[in-house]
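Peer 1: sequence and predicted structure, then a few things I'm wondering about:
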Amino acid sequence: MTTNSTLPFSKSRRAAGLVFLSGELPVGADGRLPEGIAAQTSLTLDRIEATLAAEGLGLADVVQATVYLTHAEDFGAFNAAYRRRFEVPFPVRTTVIAPLVMPGARIEITVVAADRQP
């Protein structure tokens, strides 16, 4: 389990052979958001990949994703960036158009991964 030291939630939790990740935003190490949906998607997936790695997993272990986009017109460019990081069989996915808690963020992604560890 990875915890967030400032907010009341865990970044990840294991249960019933699965690893659940909290929503991840495209925030760089410098606290800034990159420009554009492609860069924000890539950074968000980098952050998810790092959290999964801390759990001994990778993007290939992701079985479900929920994606929140702030702009419907970003859907195509988001899908192109997403496709570069996931392979067939793709995780099942729900995509929602909604405002996000962080101003300027155009995407938030949460995933569930299969824990193949005994």
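Peer 2: Good, I have the coordinates. Since the model is a prediction, treat every value here as computed from it, not as a measurement. Numbering: from 1, shown residues only.
Peer 1: where's Q40 relative to D74, distance?
Peer 2: Relative to D74, Q40 is positioned 9 Å away (CB to CB, to the nearest Å). Heads up, the C-betas are built off the backbone N, CA and C, glycines and all.
Peer 1: neighbour count winner among the two?
Peer 2: Q40 (27 against 19; other CB atoms under 10 Å).
Peer 1: the more buried one in helix, strand or coil?
Peer 2: Secondary structure state of Q40, per DSSP: H, G, I helix; E, B strand; the rest coil, is helix.
Peer 1: find the nearest non-adjacent residue to it, please.
Peer 2: P26 (3.8 Å; CB to CB, 6 or more residues apart in numbering).
Peer 1: with F9 instead?
Peer 2: Excluding the flanking residues, the one nearest F9 by CB to CB, 6+ apart is S22, at 5.5 Å.
Peer 1: go on, A98?
Peer 2: Y68 (5.2 Å).
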